[in-house]
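In: got a structure for you, letters missing:
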């Protein structure tokens, strides 16, 4: 990737965007229109501002992933969504419980049960407590809207950096549906089905079901099996009813189960000293490592279900009154090999450490809002929102520590231990901790149409947070690695009030070109660092994370829709940034690396985003996206003498450059099947994995830039009855990690590998009826 100076890049891109967008927008589509004089293309419709409107009319940066893109790729999950949206990044974890999302370089790496993510996750208007609840495959999706930047006015909760809003398909008017099966060369199998069942002229339903199984990508030598796979299944039902001409209801229910032997971390660097012998037989080669030696199977079991009821009442000239009531239950049970080796050794070597325990959570939300009709002098959305979430975790850490052994060394300085031949101790500790969030808010957003072309935007949200948490821990009399001898029973509570606002201007330069500029404030509530390794001096609450964000953008679309070009410039400053840092506890050699959540300081993210869709003809579509993000530390709090404020350091999981391009071409053969040819490339520059202060460690946990190339070719029935899609993923066989962290045995580094870390091919057959 080209290495531009940060400030110079921002200035150059700003100048290009503001002065050149009109020229670019008028030049490129001329060629497209010449080949598509008789063609017109539908506009993209979104609900980003909680009203149905054209994407091109929304004064905010919004990326949309459509159902067509899902079909072309043979399905999408949250992890692969980052390859379609340049500003989006995904933080992987050994369990989906701790996985999270980043937008414009801002997210939360967080293990605390009393803290929330910075990117909100919403499905059909329902806010999820944790995005990990939906990290399986996405299916029956109409579209995904990625709202970038603070969304405090309309979404509020967990939206200080942005929102991922998933909109699923609604029941059709007639009986119909589909059955779809997928198989790949690396032993992944999926089957999905959906059916529309009209009950009457006014009551309709849609039912979907899915099942998936994947063998995995990593070989566990000790257990003689492949791991990092999954088995998951789920069902979903949607019922819509037109009670009267003015009143409608939508009832949605879903249930999902997942059993996975995921996600074991590979040791990607050879440990220093004698402990290297503990990885005997493992071909250690960074992100290309595909073997582990672990005696405990890292795995996760998840159960998730929920129900929501939406009512929409037409109240005439006042608009539409909407109520969404939802309840969700989510339970995650995880087991993790925390020492990453398969044998306990004497103190000259390693120890054994296993973590396990359940974390159930319950969420209730209620939203009521009034949305005015469009095309009037003042268009508004006003409403109230209540959010209650209760989470509790029982976490047990078991150690085996060897202090003496009579067994013979297997390597210089590496002596194994075993019962009957060694002096073993078994430190263990159990933590029971939890949190209860009570949040209510009143919000409003208005667009004042001063003229047909000029609009003023104003909005605000009052938020009240009431957070309670507890941590009860019992400990062994003997402290081991990661097992603190101290036991305690702590209770915490904090309340906070906040008012966030949004203001902006919007102007139609021409019928095809709109420009806007906005200022918005983001807010994420207070938190506690409540987790297993919480220390006694960590009782104080973390302050709320707040942000001030500026955005200027332009949106262009030709009258026939053959060409769109949307650009956005952004600058945001986050204060009291809630972030995890790594610390070591214990005494050598029994040392464990843990994280602590703190108000780290102030960060800044700024950059430019460009998205374009080009349709030279009805049968050819080209989509291009690019983001330059300069997300860095402005000033971190200095807690000890000699520390640096770390000004200018890159934030984790915030690559400076990301881009993607996809193309789809349809050949109408006039025969039994048309042919679709598609391809995509996504590019990502270097990114650091975590907030490490040591420059040597930061270099070791830096994920090098990479490019992923995908392609597909499909045979499609001209009447839309069937579709046979052949897919290829990661065609260049590019190996990469999604996360690199310290804390491996003997000072090594651990790598988390994504699903598409190796090249594979597949076939998908879909039958519509």
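Out: Ah, there it is. In this text the structure is predicted, and so the values were computed from the model without any measurement.
In: pull the residues that contact stretch 496-503.
Out: Contact with stretch 496-503 is made by 150, 152-153, 156, 445, 457-465, 518-523, 525-526, 544, 546, as judged by Cβ atoms under 8 Å, 6 or more residues apart in numbering. C-beta: built from backbone N, CA, C; applies to glycine.
In: switch the cut-off to 7 Å
Out: Outside stretch 496-503, the residues that touch it by Cβ atoms under 7 Å, 6 or more residues apart in numbering are 152-153, 445, 457-465, 518-523, 525-526, 544.
In: same deal with stretch 625-632?
Out: 6, 9-10, 13, 86-87, 104-106, 603-611, 648-651, 654, 656-660.
In: what subset of those residues is buried?
Out: The neighbour-count test (16 or more other Cβ atoms under 10 Å) marks 9-10, 13, 86-87, 104-106, 603-611, 649-651, 654, 656-660 as buried among the contacts of stretch 625-632.
In: those residues in strands, which ones?
Out: Using DSSP state E, 603-611, 657-660 are the members of the buried ones among the contacts of stretch 625-632 that sit in strands.
In: which one of the residues you listed sits closest to residue 220?
Out: Residue 220 has its nearest neighbour among these in residue 658, at 32.9 Å by Cβ to Cβ.
In: wait, doesn't the closest one sit right on residue 686?
Out: No - between residue 658 and residue 686 there is no contact, the gap being 11.3 Å when judged by Cβ atoms under 7 Å.
In: which pLDDT value does the model give the most centrally placed residue in the chain?
Out: Centroid check for the chain by Cα atoms, centre = their mean gives residue 101 as the closest residue, at 3.1 Å. On pLDDT, residue 101 comes in at 87.
In: what sits closest to it if chain neighbours are left out?
Out: Excluding its sequence neighbours, the residue lying closest to residue 101 (Cβ to Cβ, 6 or more residues apart in numbering) is residue 119, at 4.2 Å.
In: kindly report the same for residue 759.
Out: Distances taken as Cβ to Cβ, 6+ apart place residue 733 nearest to residue 759, at 4.0 Å, with adjacent residues excluded.
In: now residue 364
Out: residue 388 (4.6 Å).
In: need the per-residue pLDDT for the one you found.
Out: pLDDT, residue 388: 96.
In: what's the pLDDT at residue 567?
Out: Looking at residue 567, its pLDDT stands at 97.
In: that one touches residue 552, doesn't it?
Out: No - the criterion here is Cβ under 7 Å, and residue 567 misses it with residue 552 at 9.0 Å.
In: tell me which of the two has more neighbours.
Out: residue 567 (25 against 19; other Cβ atoms under 10 Å).
In: against which helices or strands is the host helix or strand of that one packed?
Out: Residue 567 belongs to strand 563-587 when assigned by DSSP states H and E. Judged by 3 or more Cβ pairs under 7 Å, 6 or more residues apart in numbering; DSSP states H and E, strand 563-587 is in contact with helix 6-34, strand 545-557, strand 590-617.
In: if we can go back for a sec, and the residue nearest to residue 364, how far from residue 468?
Out: Counting by Cβ to Cβ, to the nearest Å, the separation of residue 388 from residue 468 is 11 Å.
In: do the same with residue 429
Out: 23 Å.
In: tell me which of the two has more neighbours.
Out: Counted by other Cβ under 10 Å, residue 429 and residue 468 do not tie: residue 429 has more neighbours, with 23 against 17.
In: quick check: the more buried one vs residue 473, distance?
Out: 6 Å.
In: next: residue 524.
Out: Taken as Cβ to Cβ, the span from residue 524 to residue 473 is 27 Å.
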